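1. just need the structure, nothing else, for what follows:
(2 chains)
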2 protein chains.
Amino acid sequence: MANPTAAMLVIGDEILSGRTRDSNMHYLAGELTKNGIDLKQVRVVSDDRDAIIDATRALSESHDVVFTSGGIGPTHDDITAECIAAAFGVTIDVRDDARKILEDHYEKSGLELNAPRLRMARIPEGASLIDNPVSRAPGFTLGNVHVMAGVPQVFQAMVASVLPTLTGGAPLLSQSLQVFRGEGDIAETLSEFAERYSDLSIGCYPFQKDGAFGANIVIRGQDGTRVDTAMTQLSRVLLG
Amino acid sequence: MANPTAAMLVIGDEILSGRTRDSNMHYLAGELTKNGIDLKQVRVVSDDRDAIIDATRALSESHDVVFTSGGIGPTHDDITAECIAAAFGVTIDVRDDARKILEDHYEKSGLELNAPRLRMARIPEGASLIDNPVSRAPGFTLGNVHVMAGVPQVFQAMVASVLPTLTGGAPLLSQSLQVFRGEGDIAETLSEFAERYSDLSIGCYPFQKDGAFGANIVIRGQDGTRVDTAMTQLSRVLLG
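-> Residues are numbered from 1 along each chain as shown, chains lettered A, B, ... in the order given. Model (predicted):
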């Protein structure tokens, strides 16, 4: 049975300008792989209404589940929530359950729940809330789209809140082998193995270290015994 | 005058499985910003023929220039070159100029130019070569798409080969201010500034450090004097 498919939408000018290096993609990719969900595509778009709406629709229609990161804070450039609502054609407004979470939080911290902060209680019609144990302001799930914060600590906490609610497939198992030979030397062998073990995925990732070329060969599959067998045979051929 | 727009296509299962953390996106974003080219979108797709072709077409049609990263090595999972050819509806075959580069290189290194290595001389009809001073196997430019290697050292060298051939706009200048206040405290001020300086882009990027919340405020624009003025006024308001 095929694993569920996932896509990610990263929202933020700061990534596309090179100011910030995104870390949420790498984190989510690892978590999904562990949970047997295949991340098929990631898109990074700027804080632009049309770009966010178009990408949300396209990814939501072609994948089982979508995760977004960024743009749900209190400032004027945080437009993700209203764009997700627009992508699904529903209204958005401050909702009582989300407002209550913020009221409790700001009362405890002695801060004012002012208009910008209250924006974080705007939830599209029909969405359910995603718990945010770090800074309280909730994410939300609308349709198959999970809308989460961009700050890595908050993003990771929200992923932890969402993952148990998803049905994953068999986790992908992998083994890797590092060889200090050029890719061109081992390509024929790898090609033979890819044909012989067509139920497994065999990838070759070249690197350059201190002027020498090498490659990490990764064999992935859902059947641990098959991965073992293929890697044992491959090691024998390549390492002699 | 608006700056040229760019998109990037990152190709590779290893990124989407979480095995490798991509660094090319962050590198390219920084280089494009310095050169006055606006990176508008990034897509990451797996080593899948349809996914690569669809993304290439979509990005090429909607941006002035596209950069791809990954999948042009000698192994069976390197399918980028043939997918780019298919996206543009042209043929692909080993080409004499590319073969000559590889012949010279492997002769010098005493290695055999075997069938897998010769795959790296397959260049779509009508493409021009991109110089690869690191490991010789060239990238190529077809239409508005620049096809480059995934290994960061090679990718960066190829970007350096391509950038001087592009016409950029005015580079984006930026100034940033770090404040140790919650986003909610400063959101109203930022919103006022965003309206007053509508020719500039004002972004707010929250962080959490040692339990305290803060934000980096970034003002971007092509007119350095305007950016200066806005930042001076903003600092006065926020820092007292």
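2. where do the strands sit along chain A?
-> Taking DSSP state E, the strands of chain A run over residues A:5-11, A:38-45, A:65-69, A:92-94, A:122-124, A:128-130, A:139-142, A:145-148, A:173-179, A:201-209, A:212-221.
3. closest one to B:Asp22 among these?
-> Counting by Cβ to Cβ, B:Asp22 lies closest to strand A:38-45 out of these; the figure is 9.2 Å. (Glycine included, C-beta is placed from N, CA and C.)
4. and the closest one, average pLDDT?
-> Mean pLDDT, strand A:38-45: 97.
5. on that earlier part again, and the strands of chain A as JSON lines, adding distance to chain B?
-> Below are these laid out as JSON lines (distance: least, Cβ to the nearest Cβ, whole Å):
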{"stretch": "strand A:5-11", "distance to chain B": "8"}
{"stretch": "strand A:38-45", "distance to chain B": "4"}
{"stretch": "strand A:65-69", "distance to chain B": "13"}
{"stretch": "strand A:92-94", "distance to chain B": "14"}
{"stretch": "strand A:122-124", "distance to chain B": "13"}
{"stretch": "strand A:128-130", "distance to chain B": "17"}
{"stretch": "strand A:139-142", "distance to chain B": "15"}
{"stretch": "strand A:145-148", "distance to chain B": "14"}
{"stretch": "strand A:173-179", "distance to chain B": "7"}
{"stretch": "strand A:201-209", "distance to chain B": "4"}
{"stretch": "strand A:212-221", "distance to chain B": "6"}
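6. please tabulate these in JSON lines, including the columns mean neighbour count.
-> Below are the strands of chain A laid out as JSON lines (neighbours: other Cβ atoms under 10 Å in any protein chain shown):
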{"stretch": "strand A:5-11", "mean neighbour count": "25"}
{"stretch": "strand A:38-45", "mean neighbour count": "24"}
{"stretch": "strand A:65-69", "mean neighbour count": "28"}
{"stretch": "strand A:92-94", "mean neighbour count": "14"}
{"stretch": "strand A:122-124", "mean neighbour count": "22"}
{"stretch": "strand A:128-130", "mean neighbour count": "16"}
{"stretch": "strand A:139-142", "mean neighbour count": "24"}
{"stretch": "strand A:145-148", "mean neighbour count": "27"}
{"stretch": "strand A:173-179", "mean neighbour count": "15"}
{"stretch": "strand A:201-209", "mean neighbour count": "19"}
{"stretch": "strand A:212-221", "mean neighbour count": "19"}
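7. can I get those in CSV with distance to B:Ser62?
-> Shown next, in CSV, are those (distance: least, Cβ to Cβ, whole Å):
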stretch, distance to B:Ser62
strand A:5-11, 17
strand A:38-45, 12
strand A:65-69, 21
strand A:92-94, 27
strand A:122-124, 27
strand A:128-130, 31
strand A:139-142, 26
strand A:145-148, 22
strand A:173-179, 35
strand A:201-209, 30
strand A:212-221, 33
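8. closest one to B:Leu39 among those?
-> B:Leu39 lies closest to strand A:38-45 among the strands of chain A, at 8.7 Å (Cβ to Cβ).
9. what is the closest one packed up against?
-> Here strand A:38-45 touches strand A:5-11, helix A:13-16, helix A:24-34, helix A:49-62, helix B:13-16, strand B:38-45, going by 3 or more Cβ pairs under 8 Å, 6 or more residues apart in numbering or on different chains; DSSP states H and E.
10. go through the ones you listed and name the closest to A:Gly184.
-> Ranking the helices and strands packed on strand A:38-45 by their distance to A:Gly184 (criterion: Cβ to Cβ) puts helix B:13-16 first, at 18.8 Å.
11. now do the same contact list for the spatially most central residue of chain A.
-> Nearest to the geometric centre of chain A sits A:Leu28, at 3.6 Å (Cα atoms, centre = their mean). Contacts here follow Cβ atoms under 8 Å, 6 or more residues apart in numbering or on different chains; on that basis A:Leu28 touches A:Met8, A:Leu39, A:Phe67, A:Ser69, A:Phe155, A:Val159, B:Gly18.
12. need these in TSV with distance to A:Asn216, can you?
-> Converted to TSV, the contacts of A:Leu28 look like this (distance: Cβ to Cβ, whole Å):
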residue	distance to A:Asn216
A:Met8	24
A:Leu39	19
A:Phe67	27
A:Ser69	27
A:Phe155	27
A:Val159	26
B:Gly18	14
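13. just give me the closest of these to A:Glu183.
-> B:Gly18 (22.0 Å).
14. I'd say A:Gln175 and A:Thr229 touch.
-> No - taking Cβ atoms under 8 Å as the definition, A:Gln175 is not a contact partner of A:Thr229, at 10.5 Å.
15. could you tell me the angle between the lowest-mean-pLDDT helix or strand in chain A and strand A:212-221?
-> Ranked by mean pLDDT, DSSP states H and E, the weakest helix or strand in chain A is strand A:201-209, scoring a mean of 84. If you take axes from the mean of the first three to the mean of the last three Cα atoms, to 10 degrees, strand A:201-209 sits at 160 degrees to strand A:212-221.
16. having no further points to raise, I will conclude here.
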